[in-house]
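Enquirer: After the sequence you'll find the predicted model.
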Amino acid sequence: MSAELIDGKALAAETRARVKAGVATLKAATGVTPGLGVVLVGDDPASRSYVTAKERALEEAGMRSVDVRLPEGTTQEELLAVIARLNADPQVHGILVQLPLPKGLDTDAVIRAIAPEKDVDGFTPVNVGKMLLGQTCFLPCTPHGILRLLEKAGTPTRGAHAVVVGRSDIVGRPIANLLTRKGPNGDATVTLCHSATQDLGRFTRQADILIVATGRPGTVTADMVKPGATVIDVGVNRVPDPTAQRGYRLRGDCDFEGVAKVAGKLTPVPGGVGPMTIAMLLENTLTAAQRAAEGASHVR
Ligand code: NDP
């Protein structure tokens with residue numbers, strides 16, 4: 001392996017320590033404890049484990065998590081009523097609805113119902129619009145975490161050719177947009193690829209920065225990577241492995257062993273993007289609580 005690993009776990013630990021100190025300062029100055037409403041509908045095992053990890057992180061940072069667990073058959077009206085209650089609760093500064101929601105629920109309508117000033121995931125149309133316009137807003141956690149990882153890795157974005165594989169609303173499109181912004185962590189030339197892209201390797205081989213978020217293990221192999229590139233592997237896939245304790249292993253969207261021989265820097269899975277996503281959620285929740293304590297909403 002020649003690639004230097006970008007340690008997302010260590011960077012997330014630094015970020016979380018900073019957030020924890022911020023929480024203590026806020027509490028001491030105002031008596032406000034940042035609170036996050038965490039809504040989980042149904043019992044998807046992956047979603048349950050993400051939510052548990054987030055709640056543990058909140059607790060460690062000295063924040064309050066207001067857990068709402070709803071059964072699989074929850075109706076749209078019931079879920080919207082929960083969001084309305086959390087919107088109105090002054091002790092709740094941020095709201096997280098774990099996605100994907102079970103079939104039959106209208107995800108767009110649920111996200112739209114979240115008050116923008118509590119939208120710490122950065123998914124509401126108001127936040128997305130502000131992000132596109134370069135205005136102050138909550139940046140979505142995974143793309144924001146990726147920017148921090150690039151910074152930490154010492155990979156300049158200005159003038160770099162960044163190739164993003166995947167165009168989801170939560171990863172691919174926002175990171176592509178953020179990298180094109182003028183200024184720090186931006187100024188990249190961006191190519192956005194997806195499942196209709198012909199000859200994916202033709203694009204990925206041009207990437208100084210390659211960000212892969214497809215949810216398909218093995219999307220990017222060694223021959224698709226420019227030597228020395230920085231590769232950010234966003235994928236989290238449970239690949240069956242009878243030799244593993246849980247019967248599966250977590251793999252990214254890149255062929256790690258092969259790509260590590262060619263890339264200059266690479267995020268591992270696990271231990272790369274995932275921990276930073278949680279750290280950025282904590283940071284956004286603290287920001288929401290600070291704004292609420294100041295009585296100022298910058299996102300309306
Ligand atoms: P989505 O399924 O919403 O989007 C996947 C995207 O990849 C789509 O745009 C799809 O194209 C594209 N795609 C699929 N196959 C190919 C291919 N062979 N070549 C090129 N493009 C392809 O996924 P998400 O963005 O939500 O998640 C992606 C991965 O990242 C998942 O493994 C997920 O678990 C992980 N993830 C990890 C996070 C973390 O914190 N570590 C946070 C969020 C996600 P099209 O649009 O044409 O269908």
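Expert: Good, I have the coordinates.

Enquirer: and the closest residue to residue 169 other than its chain neighbours, what element?
Expert: Nearest residue to residue 169 in three dimensions, chain neighbours excluded: residue 123, at 7.3 Å (CB to CB, 6 or more residues apart in numbering). Any C-beta I mention is one placed from the backbone N, CA and C, and that applies to glycine too. Following DSSP states H and E, there is no helix or strand that holds residue 123.

Enquirer: what's the burial count for residue 123?
Expert: 24 (other CB atoms under 10 Å).

Enquirer: Residue 244 too?
Expert: 12.

Enquirer: do residue 74 as well
Expert: Counted with other CB under 10 Å, residue 74 comes out at 18.

Enquirer: One more: residue 33?
Expert: With other CB under 10 Å as criterion, residue 33 counts 14.

Enquirer: Give me the pLDDT for it.
Expert: At residue 33, the model reports a pLDDT of 98.

Enquirer: show me where this structure has strands.
Expert: 4-5, 35-41, 64-70, 94-97, 161-165, 189-193, 209-212, 230-233, 237-240, 248-251, 265-266 (DSSP state E).

Enquirer: Give the partner strands of the last one in its sheet and their orientations.
Expert: Note on strand 265-266: by DSSP bridges, its sheet partners are strand 4-5 (parallel), strand 230-233 (parallel).

Enquirer: Quick one: low-confidence residue ranges for this protein.
Expert: Across the chain, the ranges flagged by pLDDT under 70 are 296-300.

Enquirer: Does the residue nearest to residue 169 touch residue 140 like I think?
Expert: Yes - here residue 123 reaches residue 140: they are 6.6 Å apart, a contact under CB atoms under 8 Å.

Enquirer: which residues are common contacts for those two?
Expert: residue 170 (CB atoms under 8 Å, 6 or more residues apart in numbering).

Enquirer: Next, count neighbours for residue 93.
Expert: Neighbours around residue 93, by other CB under 10 Å: 27.

Enquirer: Verify the stated contact: it with residue 33.
Expert: No - the pair residue 93 / residue 33 is not scored as a contact, 9.1 Å apart, by CB under 8 Å.

Enquirer: Need the residues touching each of the two.
Expert: Shared contacts of residue 93 and residue 33, defined by CB under 8 Å, 6+ apart, comprise residue 289.

Enquirer: For the residue nearest to residue 169, give me its contacts.
Expert: Contacts of residue 123 by CB under 8 Å, 6+ apart are 111, 114, 140, 169, 170.

Enquirer: Counting neighbours, which of those residues comes out on top?
Expert: That'd be residue 140 among the contacts of residue 123, by other CB under 10 Å, with 28 neighbours.

Enquirer: Name the residue of the stretch 1-150 of the chain with the shortest distance to the ligand.
Expert: Here the stretch 1-150 of the chain gets closest to the ligand at one residue, residue 142, 4.2 Å apart by CB to the nearest ligand atom.

Enquirer: Roughly how far does the closest residue to that residue other than its chain neighbours sit from residue 126?
Expert: Once flanking residues are discounted, residue 142 sits nearest to residue 277: 4.7 Å by CB to CB, 6+ apart. According to CB to CB, to the nearest Å, residue 277 stands 21 Å off from residue 126.

Enquirer: out of these two, which sits in the busier spot?
Expert: The neighbour comparison of residue 277 against residue 126 (other CB under 10 Å) goes to residue 277, with 25 against 20.

Enquirer: thinking again about what came up before, what's the burial count for the residue of the stretch 1-150 of the chain closest to the ligand?
Expert: Neighbour tally, residue 142, other CB under 10 Å: 24.

Enquirer: and it, what does it touch?
Expert: Taking CB under 8 Å, 6+ apart, one finds 170, 171, 175, 213, 234, 273, 276, 277, 280 in contact with residue 142.

Enquirer: Could you find the closest non-adjacent residue to the last one?
Expert: If I follow you right, that is residue 280. Leaving out its chain neighbours, the residue that sits closest to residue 280 by CB to CB, 6+ apart is residue 141, at 4.0 Å.

Enquirer: got it, and the fifth one?
Expert: Leaving aside its sequence neighbours, residue 234 sits nearest to residue 213 (CB to CB, 6+ apart; 3.8 Å).

Enquirer: The nearest residue to residue 115 once chain neighbours are set aside: neighbouring residues, count only.
Expert: Of all residues not flanking residue 115 in the chain, residue 87 sits nearest, at 4.4 Å (CB to CB, 6+ apart). Counted with other CB under 10 Å, the neighbours of residue 87 add up to 15.
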